[in-house]
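*Asks:* structure for this input, please:
(4 chains)
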Protein chains: 2
Amino acid sequence: MTRAPQVKKSEVTRQHLLDTALALFRKRGFDATTMRDIAVASGLALGTAYYYFPSKDALLFAFYAANQVATEARVRSYPAGEPLRARLGRLFHDRIRDVAPNRTLLGALLPRQVNPGDPVSALSRESAEVRARAIALFEAAIAPEGMSIATRALAARALWVLHLAILAYLASDRSPAQRKSHRLVDDALDLAVPLLALAGTPAVTPLLAQVTAMLQRADLMTLARR
Amino acid sequence: MTRAPQVKKSEVTRQHLLDTALALFRKRGFDATTMRDIAVASGLALGTAYYYFPSKDALLFAFYAANQVATEARVRSYPAGEPLRARLGRLFHDRIRDVAPNRTLLGALLPRQVNPGDPVSALSRESAEVRARAIALFEAAIAPEGMSIATRALAARALWVLHLAILAYLASDRSPAQRKSHRLVDDALDLAVPLLALAGTPAVTPLLAQVTAMLQRADLMTLARR
DNA sequence: GTCTATAACATGATAGAC
DNA sequence: GTCTATCATGTTATAGAC
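*Replies:* Next comes the predicted model:
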């Protein structure tokens, strides 16, 4: 009696469709690639593509989620005990490298981040889980610094927003090997890391409390479960 | 001999189309309003609508430009000699009031700001003029504070970005009379104005130079003519 | 449950006649 | 300048084959 296959046939087809779609997106851009193109290139019918991905956006979202998983895997292999600057630099630079091959997809994905009502947005209900996990990466990175819980929550969100801004920059960065984006990361961290150190001191506690109060009134601290 | 009409017929038709479109956008939202809806409601053919506005986005852009003009007109009537906080508050709150009736349009317009390649983006070549004029409003508002030219340029851009962020927030703000957005403005200015005062002191000059250098390397200071 | 073939629809956009 | 006809594409629907 032969063993049942480890992966379901449907999972193979789904992955095949996603891979084909990503390859086409990379080659021709998101908008220029039609669902019919994807179906034909996959050797499947249009209806099949829609059977697995209810919309073209669903393909975008699948890329987004898969990418988050890839970055998490990388992070698990990071050496422990590195200083903050090195750890954040590693995280940001790796994130750029993970995303860069699909850089053109960012052009389709990032604009839609702005609208929390858009399911594809990192601010939406639908992506709450992915977002929470992304923020958790930054929380973990700064955890050893021994700030208060409130400060750490604020700092992690700030870093997450910075990382979105860097990705927005990356989306239109045409410099070879995305040098400009990497440079921007270094410059930004040169500024941010000393500020993070400052954020741990009691002197700025009132200021941080003011910022937190503002964000809470605006419902912007509850990102993790909006 | 009768006088030739002051305004060309084509200009009347164009304005009629734009007014009709904005009314529909307000009532049903941008996405839910089709070009056919606009043409029918205007009593014109679909092709005619496209003759005047080469795309649905062009209608968005026309709204954006007209709005900038409206805000500029308001600003010209501001009293002179007000303290910085009052002046900025007036500017931000008025901007919200100007935009609020077309709030749903923001949902369509703002996401696209992120992509500088998008003509509708405030970062694009096409909107360079509107953007320069928007930044100029903030430059003028802080001009009496007597900072160095470099500091003023940086501060004006920071305020412009803050104003975009506020508009992004406004786009999904469903509180009555947009109270939350107005509150966010006050909270943000409570934070920003003291920082602006700080920015005028020599102590922070090196920090500002560092920020400026970063933005210049990333081509982000040349916003006005990218 | 997986996939095909085919048609049809809605809508942004374009072409060409008048 | 204005119209009608037409296209391209995201999406839905149907009727099945295996």
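
*Asks:* helices of chain A, residue ranges please.
*Replies:* If DSSP state H is used as the criterion, the helices of chain A fall at A:9-28, A:35-42, A:46-52, A:56-76, A:84-99, A:103-109, A:128-142, A:149-171, A:179-199, A:205-217.

*Asks:* got the contact list for the residue nearest to the spatial centre of chain A?
*Replies:* The centre of chain A sits closest to residue A:68, judged by CA atoms, centre = their mean, with a distance of 5.6 Å. Residue A:68 is in contact with A:130, A:133, A:134, counting by CB atoms under 8 Å, 6 or more residues apart in numbering or on different chains. For glycine as for every other residue, the C-beta is placed from the backbone atoms N, C-alpha and C.

*Asks:* please redo it, this time with the cut-off set to 10 Å
*Replies:* Contacts of residue A:68 were listed using CB atoms under 10 Å, 6 or more residues apart in numbering or on different chains, and they are A:95, A:98, A:122, A:127, A:129, A:130, A:131, A:133, A:134, A:137.

*Asks:* ok, now residue A:160?
*Replies:* Counting by CB under 10 Å, 6+ apart, residue A:160 makes contact with A:122, A:131, A:134, A:135, A:136, A:137, A:138, A:139, A:223.

*Asks:* in chain A, what residue is nearest DNA strand C?
*Replies:* Of all residues in chain A, residue A:10 sits closest to DNA strand C, at 2.7 Å by CB to the nearest atom of the strand.

*Asks:* and that residue, how many neighbours does it have?
*Replies:* Each residue near residue A:10 was counted by other CB atoms under 10 Å in any protein chain shown, and the total is 10.

*Asks:* and what of residue A:35?
*Replies:* Neighbour count of residue A:35, defined by other CB under 10 Å: 15.

*Asks:* mind listing what it touches?
*Replies:* A:21, A:46, A:49, A:50, A:53, A:55, A:56, A:59.

*Asks:* with neighbour count, distance to chain B and pLDDT as added columns, please give these in TSV.
*Replies:* Listed next are the contacts of residue A:35 as TSV, based on neighbours: other CB atoms under 10 Å in any protein chain shown; distance: CB to the nearest CB, whole Å; pLDDT from 0 to 100:
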residue	neighbour count	distance to chain B	pLDDT
A:21	27	21	97
A:46	13	24	97
A:49	23	23	97
A:50	14	21	97
A:53	20	21	97
A:55	12	14	96
A:56	18	15	96
A:59	25	19	95
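
*Asks:* could you tell me the least trusted of the helices of chain A?
*Replies:* If you rank those by mean pLDDT, helix A:103-109 sits at the bottom with a mean of 87.

*Asks:* can you tell me which residues in chain A are near DNA strand C?
*Replies:* Near DNA strand C, the residues belonging to chain A are A:8, A:9, A:10, A:13, A:43, A:44, A:45, A:46, A:47, A:48, A:51, A:52 when assessed by CB under 7 Å from any atom of the strand.

*Asks:* DNA strand D next: which of those residues are close?
*Replies:* Counting by CB under 7 Å from any atom of the strand, A:46, A:47 from the residues of chain A next to DNA strand C sit close to DNA strand D.
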